[in-house]
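Engineer: Next input, structure requested:
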Amino acid sequence: MPELPEVETVRRGLQPVLEGARLTRVEARRPDLRFPFPERFSERLTGKTITALGRRAKYLTMHVQDGPVLICHLGMSGSFRIETDDGGETPGVFHHERSKSTAHDHVVFDVVTADDARSRVIFNDPRRFGFMLFAEGSPETHPMLAGLGVEPTGNTLDGALLASLLKGRGSPLKAALLDQKLIAGLGNIYVSEALWRAGLSPLREAGTIAKPGKKARQQSERLAEAIRSVISDAIAAGGSSLRDYMHTDGSLGYFQHSFAVYDREGEPCPKPGCGGHVERVVQSGRSTFYCRTCQS
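Structural biologist: Next comes the predicted model:
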């Protein structure tokens, strides 16, 4: 499933086309995806101007003038592509074949900008695990977004805040970092990568980096910095592109080529001077990759 960097990359790809544009036509080609489309879905969006395209955790939010906020989740295989009025597509580097079956083009947004430039934005989802729902007020109060934790981007997430979130928690550190009520948008891939950068074992108790003292304070600061940096690096690289994920232009990201531990079981640890090897363990049904030599 796309993680935060992938969703942010999609948002940035859609933003120049959608923000400020008017929705001249909205077509839902089936009654549902993971959930049924909202009542009067097309009617309530058609003719509206898109004022902002945002992201909260792994959710995209489309704000329209005098209308509901559209909350979109990509699910396992959902992706957007942008087509120009003459049928051409935004160029991209295709490493894997994209779904070309029109049977998987489930939602079509026809938009026109103030200077009369026309585009078509198509949501394609072979597995139909994505969804689109309306938030009638602030999206933050919608059940899908209410209760989400702090964003792992910017400087908000620092060592002190991270320690306060993890204080007293006896669960494994990795499991705590995946709790969306604590930190919103972190997923399996980037938690493994951040823990490796911070030199912390995913198996240790989460609360150990929130204890009094200099050592725990340094650990929480290292981990907060590692989380922010791995997310920033992944966004800059365009995401990880695992399995079905692709950008709005159909191209795949490249951060997967920079993975230090994720999906590298048995390979030498890339940390200079470490000498250990990447191991794989299963935590709560998910694969965890780490180096026991340099992560403690």
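Engineer: Hmm, Y290 is touching S201, no?
Structural biologist: Yes - at 6.4 Å, Y290 counts as touching S201 under the criterion of C-beta atoms under 8 Å. In this view, the C-beta of every residue, glycine as well, is placed from N, C-alpha and C.
Engineer: Have a look at these two and say which one is more surrounded.
Structural biologist: Between Y290 and S201, Y290 has the larger neighbour count (other C-beta atoms under 10 Å), namely 25 against 20.
Engineer: Residues in contact with both of Y290 and S201, list them for me.
Structural biologist: Common neighbours of Y290 and S201 (criterion: C-beta atoms under 8 Å, 6 or more residues apart in numbering): L195.
Engineer: can you give me the helices for the stretch 151-296 of the chain?
Structural biologist: 159-166, 173-177, 188-198, 214-237 (DSSP state H, counting those that start in this stretch).
Engineer: out of those, nearest to A260?
Structural biologist: helix 188-198 (5.0 Å; C-beta to C-beta).
Engineer: Check which helices and strands that closest one is in contact with.
Structural biologist: helix 173-177, helix 214-237, strand 286-290 (3 or more C-beta pairs under 8 Å, 6 or more residues apart in numbering; DSSP states H and E).
Engineer: With just CA atoms, put it into CSV.
Structural biologist: Listed in CSV are the C-alpha atoms of helix 188-198, where the atom choice follows Å, rounded to 0.1, in the frame of the first residue of the first chain:
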residue,chain,number,x,y,z
ASN,A,188,6.2,-0.5,7.3
ILE,A,189,8.9,0.4,4.8
TYR,A,190,10.0,3.8,6.2
VAL,A,191,9.8,2.7,9.9
SER,A,192,12.3,0.0,9.1
GLU,A,193,14.5,2.5,7.3
ALA,A,194,14.3,5.1,10.0
LEU,A,195,15.1,2.7,12.8
TRP,A,196,18.2,1.6,10.9
ARG,A,197,19.3,5.2,10.5
ALA,A,198,18.8,5.8,14.2
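Engineer: Buried ones in it, by neighbour count?
Structural biologist: 188-198 (16 or more other C-beta atoms under 10 Å).
Engineer: what's the answer for stretch 114-134, then?
Structural biologist: The neighbour-count check on stretch 114-134 (16+ other C-beta under 10 Å) flags 119-126, 128, 130-134 as buried.
Engineer: How about stretch 160-170?
Structural biologist: Neighbour count says stretch 160-170 has 162-163, 165-166, 169 buried, by 16+ other C-beta under 10 Å.
Engineer: now do stretch 204-220
Structural biologist: If you call a residue buried by 16+ other C-beta under 10 Å, then stretch 204-220 has these buried ones: 204-211, 216-217, 219-220.
Engineer: End to end on it, go ahead and measure it.
Structural biologist: 13 Å (C-alpha to C-alpha, to the nearest Å).
Engineer: returning to what we had before: okay, the helices and strands packed on helix 188-198, which one's buried deepest?
Structural biologist: Burial of these is given as mean neighbour count (mean count of other C-beta atoms under 10 Å); helix 173-177 ranks first at a mean of 23.
Engineer: ok, residues contacting that helix?
Structural biologist: 165-166, 169, 182-183, 186, 191-192, 194-195, 200-206, 208-209, 227, 283-284, 288.
Engineer: So, low pLDDT: which residues of the stretch 101-250 of the chain?
Structural biologist: The stretch 101-250 of the chain contains residues with pLDDT under 70 at 239-250.
Engineer: can you do 50?
Structural biologist: For the stretch 101-250 of the chain, the stretches with pLDDT under 50 are 242-245.
Engineer: How about the contacts made by S220?
Structural biologist: 159-160, 162-163, 166, 209-210.
Engineer: cutoff 7 Å now
Structural biologist: Applying C-beta atoms under 7 Å, 6 or more residues apart in numbering, we find S220 in contact with 159, 162-163, 209-210.
Engineer: Make CSV out of these and add distance to M144.
Structural biologist: Output for the contacts of S220, formatted as CSV (distance: C-beta to C-beta, whole Å):
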residue, distance to M144
G159, 30
L162, 24
A163, 28
I209, 30
A210, 29
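Engineer: The residues you listed: which two are farthest apart?
Structural biologist: Farthest pair in the contacts of S220, by C-beta to C-beta: G159 and A210, 9.7 Å.
Engineer: And the buried residues of stretch 114-134, which is closest to D110?
Structural biologist: The closest of the buried residues of stretch 114-134, once distances to D110 are taken by C-beta to C-beta, is R120, at 5.5 Å.
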